[in-house]
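In: Provided below are the primary sequence and the corresponding predicted coordinates.
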Amino acid sequence: MEFGIFVQGYVPDPRRAVDPEAEHNALIEETKYVIQADKSGFKYAWASEHHFLDQYSHLSANEVFLGYLAHATERIHLGSGIFNPLAQVNHPVKVAEKVAMLDHLSEGRFEFGSGRGAGSHEILGFLPGITDMNHTKEIWEETIAEFPKMWLQEEYVGFQGKHWSLPPRKVLPKPYGKSHPGMWYAAGSPSSYAMAARKGLGVLGFSVQKVSDMEWVLEQYKTAIQEAEPVGDFVNDNVMVTSTAVCAETHEEAVRIAANAGLNRLQSLVFYYHDTFPKPEGLPVWPEMLPEFNEEIVELLIQEELLICGDPDEVLQQCKRWEQAGADQLSVSVPIGVPYENVMTTIKLMGEHVIPKIDTDPVHRTTRFRQAAGS
């Protein structure tokens with residue numbers, strides 16, 4: 001199992017209350033997290049694209065963010081988590097151009113994750129008047145298979161669809177080196193995992209449950225991928241899952257850090273903005289929030305496998321559970337209200353004590369797929 005890090009420009013109100021430059025500092029700190037993750041042996045960094053989601057995610061222009069990191073890092077693969085290819089948000093040709101440009105700047109280290117947006121607050125900002133959120137699925141479906149054609153055809157044959165069109169044109173630049181970057185889809189439901197598998201896409205599992213609840217979903221993906229008809233040049237047989245992670249020298253310190261991280265605010269914002277997600281009964285209506293997490297609740301989250309938290313040995317065992325469940329990549333979400341120094345400690349400790357004991361392959365999984373396709 002490989003390891004990644006996920007950043008999203010989280011700028012909660014309590015931080016802004018004490019720091020007038022909170023937004024700037026959060027974004028700069030997150031570049032430093034990725035640079036340290038590169039040094040610590042993490043193989044992937046994923047940067048969100050969200051719009052209008054105050055507090056939850058201020059990382060909107062992630063192609064700019066990733067362009068900076070292409071120069072500031074050496075080995076880590078940089079992924080769009082996601083680029084939104086709906087024509088009303090980003091014209092598909094411009095998305096194809098951004099992917100290829102970032103592939104050049106990173107010298108083949110770019111990963112193309114796509115998706116349809118976080119929920120009605122975000123999506124309806126670009127598609128006013130739409131009431132059926134499934135409408136975005138139709139737009140994405142007609143678009144996703146066009147990207148490999150734009151990259152690999154010397155002159156793209158053009159496209160005439162229901163939602164966008166383009167006459168024959170040379171789409172430039174072409175990706176760097178062989179084939180094209182690995183293609184991924186941000187999936188939020190079991191049916192989405194299976195759909196992505198049938199198209200030969202890797203899955204970005206940003207809304208995962210506890211390990212035991214995800215095992216059958218991962219198994220479904222691995223079954224469906226065997227009969228994939230890939231939209232791209234190769235099958236990206238890959239499932240990435242995300243989990244919040246706090247690692248410290250001792251269990252007690254890690255639990256204390258997690259209990260003071262404002263996890264209740266983050267979780268409340270998830271349910272507020274991602275309004276297509278299933279919601280537990282009795283959930284408070286924003287701006288009311290879930291109760292603050294104390295150390296007892298954190299211990300329960302660890303026990304229920306909903307949080308990676310503890311000393312390095314404990315975190316190693318918790319990560320191994322995801323490996324046993326069938327995940328190909330575990331991407332840790334660390335900038336969640338945890339102080340900068342503690343986040344850097346988590347990254348460094350995982351790089352020293354966890355990653356080398358699980359990920360022993362020096363080559364990125366997507367690199368192997370891409371090289372085989374281009375040979």
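Out: Yes, it's here.

In: May I have the phi/psi pair for residue 184?
Out: Main-chain dihedrals, residue 184, degrees, to the nearest 10: phi -130, psi 160.

In: typo on my end, residue 68
Out: Backbone torsions of residue 68, given as degrees, to the nearest 10, read phi -60, psi -50.

In: Any idea how many residues pack against it?
Out: 14 (other C-beta atoms under 10 Å). (Glycine included, C-beta is placed from N, CA and C.)

In: Which residues lie in contact with it in this structure?
Out: Residues counted as contacts of residue 68 (C-beta atoms under 8 Å, 6 or more residues apart in numbering) are residue 31.

In: repeat for residue 295
Out: Neighbouring residues of residue 295 by C-beta under 8 Å, 6+ apart: 255-256, 259.

In: Now go through those residues and say which are in helices.
Out: The helices, defined by DSSP state H, take in 255-256, 259 from the contacts of residue 295.

In: For ChimeraX, write a command that selects the buried ones of the residues you listed.
Out: Buried residues among these (16 or more other C-beta atoms under 10 Å), as a ChimeraX selection:
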select :255,256,259
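
In: for the ones in helices among the contacts of residue 295, which one is nearest residue 142?
Out: Comparing those against residue 142 with C-beta to C-beta picks out residue 259 as the nearest, at 46.5 Å.

In: quick revisit: how about TSV for the ones in helices among the contacts of residue 295, with distance to residue 74 and pLDDT added?
Out: Converted to TSV, the ones in helices among the contacts of residue 295 look like this (distance: C-beta to C-beta, whole Å; pLDDT from 0 to 100):
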residue	distance to residue 74	pLDDT
255	34	98
256	34	97
259	36	97
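
In: Could you export the ones in helices among the contacts of residue 295 to TSV, including columns for distance to residue 286?
Out: What follows is these, written out as TSV (distance: C-beta to C-beta, whole Å):
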residue	distance to residue 286
255	27
256	27
259	22
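
In: From residue 302, how far off is the nearest residue to residue 297 once chain neighbours are set aside?
Out: Closest residue to residue 297 apart from its sequence neighbours, by C-beta to C-beta, 6 or more residues apart in numbering: residue 259 at 7.5 Å. Residue 259 is 11 Å from residue 302, where distance means C-beta to C-beta, to the nearest Å.

In: Quick one: the strands in the stretch 51-200 of the chain, in order.
Out: Secondary structure of the stretch 51-200 of the chain (DSSP state E, counting those that start in this stretch): strands located at 77-80, 110-114, 159-160, 165-166, 182-186.

In: Residues in contact with the third one: which ones?
Out: Spelled out, it's strand 159-160. 146, 165-166.

In: Okay, now the sheet partners of it, with direction.
Out: Strand 159-160 sits in its sheet next to strand 165-166 (antiparallel), going by DSSP bridges.

In: Contacts for the partner strand next, please.
Out: Contact with strand 165-166 is made by 92-93, 156, 158-159, as judged by C-beta under 8 Å, 6+ apart.

In: again, 10 Å this time
Out: Residues from elsewhere that reach strand 165-166 (C-beta atoms under 10 Å, 6 or more residues apart in numbering): 87, 91-93, 146, 150, 156-160.

In: Can you give the distance from stretch 223-239 to the centre of its chain?
Out: Chain-centre distance of stretch 223-239: 19 Å, with C-alpha atoms, centre = their mean, to the nearest Å.

In: what's the answer for stretch 191-206, then?
Out: Using C-alpha atoms, centre = their mean, the mean C-alpha position of stretch 191-206 is found 13 Å from that of the whole chain.

In: In CSV, list the C-alpha atoms belonging to it.
Out: Output in CSV follows, covering the C-alpha atoms of stretch 191-206 (Å, rounded to 0.1, in the frame of the first residue of the first chain):
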residue,chain,number,x,y,z
SER,A,191,-22.1,2.4,-7.1
SER,A,192,-19.5,5.1,-8.0
TYR,A,193,-16.6,2.8,-7.2
ALA,A,194,-18.0,0.2,-9.5
MET,A,195,-18.7,2.7,-12.3
ALA,A,196,-15.1,4.0,-12.0
ALA,A,197,-13.8,0.5,-12.2
ARG,A,198,-15.7,-0.3,-15.4
LYS,A,199,-14.1,2.8,-17.0
GLY,A,200,-10.7,1.8,-15.9
LEU,A,201,-10.4,4.7,-13.5
GLY,A,202,-8.7,4.8,-10.1
VAL,A,203,-10.9,5.9,-7.2
LEU,A,204,-10.3,8.8,-4.9
GLY,A,205,-12.3,7.8,-1.8
PHE,A,206,-12.7,11.1,0.0
